[in-house]
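Student: Predicted model follows, preceded by the sequence.
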Amino acid sequence: MMRLLVISTLLFSAVLCAKAPSRILFGSCSHQDKDMAIFNSIIKDNPEVFIFLGDNIYGDTQDMTVLGNKYQKLGAKPGFKKLKEQAELIAIWDDHDFGANDAGKEYPMKEASRALMLDFWQEPEYSLRRTREDGIYTSYLYGEGQQSIRVILPDLRWNRDALSHVSPEEYSSERKPKKMGPYKANSNTNASMLGEKQWLWLEQELQKPGRIKVIGSSVQLLADFTGWESWANFPADRQRLFKLIKQHKVNAVVLISGDTHWGEVSYYDQDLDYPLWEVTSSGLTEEWKNVSPNKNRIGQFTNNVNYGTLNVNWQKQDPIITLGLYDEVGDVVNEHRFRLSLLEPY
């Protein structure tokens, strides 16, 4: 396992690692009551870091005994235990492990849920993730200088304002036939998933060292509007992130996400100085066959279980990034390869 040099979180929000990984794998949506055969392929793929992007269990309760028992079921899975021995595991939550389906800041048990979540993922006792008044967001820095990756994990649950819905009639007559969900874009420009304090933190993180900035979002960010949970429901948040990337001339932002119960790759370059890529990997156990349309999708989607990869060949003078989706037996579903310099206009 990659050794961690932990810097006091009273001063820093990141965990620092001596070497930049070449193989980061990730996934989401793992139901603790189901078989997790996909871990066999993940382990064979030799990840140095594995990022759990949310819905890591399906808690959906206000009973913390029930929630804790579900974490223990995940922890007892042989594949999970073996992966934990092999790779560095880092995690953020989404709605089901936060505590309730599609929940936001109104969920009443979030403090207790936070303690269970961070205990399970062995977060240090002095970590700011345990005491911040506005969520469990965090970042990790791997490597240094020209061979470095900063992984940024925002918390999209703790502060999230209420979702806006279409009417039941509109959902039945217009949305459902198009394989779309019941939510619509929030017209309130002050509505947010992150909250202002977290936004200021994220702005600072984007300017910190890290040649590649990986943003691990628990819900989709680049996908065209689906009607399900996504950044598209909070367009002011989405545009704010794009603006910060340009304003601070942040090179090489790569996006990874979960939540959907299908996997796909999105590509977006509108009013940006370089293209943004997003790999959505979902789920490790969960599947949703009615995949929503996404005009920013590139390549084929998968509605079977899958995991995602971010590989970097640091041996090249111009490092090569490979983004991919893989199925349960480890075969390629969708893969894209390009030079890092294509994401470095500044």
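Tutor: Sure thing, it's come through. As the structure is a computational prediction, the values presented were derived from the model and not from experiment.

Student: Can you show me the helices along the stretch 201-346 of the chain?
Tutor: 235-247 (DSSP state H, counting those that start in this stretch).

Student: Quick one: the helices in the stretch 51-200 of the chain, in order.
Tutor: Under DSSP H, counting those that start in this stretch, the stretch 51-200 of the chain gives helices at 64-76, 78-86, 95-98, 110-120, 168-170, 196-207.

Student: which one of those helices is the most hemmed in?
Tutor: Neighbour counts (mean count of other C-beta atoms under 10 Å) averaged over each of those peak at helix 95-98, with a mean of 27. The way it works is simple: take the backbone N, C-alpha and C, and place the C-beta from them, glycine included.

Student: And that one, what does it pack against?
Tutor: helix 110-120 (3 or more C-beta pairs under 8 Å, 6 or more residues apart in numbering; DSSP states H and E).

Student: from the middle of its chain, how far away would stretch 85-105 be?
Tutor: 9 Å (C-alpha atoms, centre = their mean, to the nearest Å).

Student: just stretch 218-234 next, same as before
Tutor: 13 Å.

Student: Can I get the helices of the stretch 51-200 of the chain in TSV including distance to residue 271 and mean pLDDT?
Tutor: TSV is the format used below for the helices of the stretch 51-200 of the chain (distance: least, C-beta to C-beta, whole Å; pLDDT from 0 to 100):
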stretch	distance to residue 271	mean pLDDT
helix 64-76	41	98
helix 78-86	39	98
helix 95-98	30	98
helix 110-120	35	98
helix 168-170	30	95
helix 196-207	17	98
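
Student: of all the ones you listed, which lies closest to residue 257?
Tutor: Among those, the nearest to residue 257 by C-beta to C-beta is helix 95-98 (13.5 Å).

Student: would you put the C-alpha positions of that closest one in PDB?
Tutor: Provided in PDB are the C-alpha atoms of helix 95-98 (Å, rounded to 0.1, in the frame of the first residue of the first chain):
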ATOM      1  CA  ASP A  95     -27.100  10.300  -1.000                       C
ATOM      2  CA  HIS A  96     -27.500   6.700   0.000                       C
ATOM      3  CA  ASP A  97     -24.500   6.500   2.300                       C
ATOM      4  CA  PHE A  98     -25.200  10.100   3.500                       C
END
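
Student: on that earlier part again, among the helices of the stretch 51-200 of the chain, which comes closest to residue 343?
Tutor: helix 196-207 (13.7 Å).

Student: The closest one - contacts with which helices or strands?
Tutor: strand 147-153, helix 235-247.

Student: can you rerun that using 7 Å?
Tutor: helix 235-247 (3 or more C-beta pairs under 7 Å, 6 or more residues apart in numbering; DSSP states H and E).

Student: Please work out the average pLDDT along the helix it packs on.
Tutor: Helix 235-247 carries an average pLDDT of 98.

Student: Same check on stretch 306-326?
Tutor: The model assigns stretch 306-326 a mean pLDDT of 98.

Student: Go through it and flag the buried ones.
Tutor: Neighbour-count burial for stretch 306-326 flags 306-312, 314, 319, 321, 323-326 (criterion: 16 or more other C-beta atoms under 10 Å).

Student: for stretch 128-142, same thing?
Tutor: 128-130, 132, 135-142.

Student: Pull up the distance across it, start to finish.
Tutor: Stretch 128-142 has an end-to-end distance of 19 Å (C-alpha to C-alpha, to the nearest Å).
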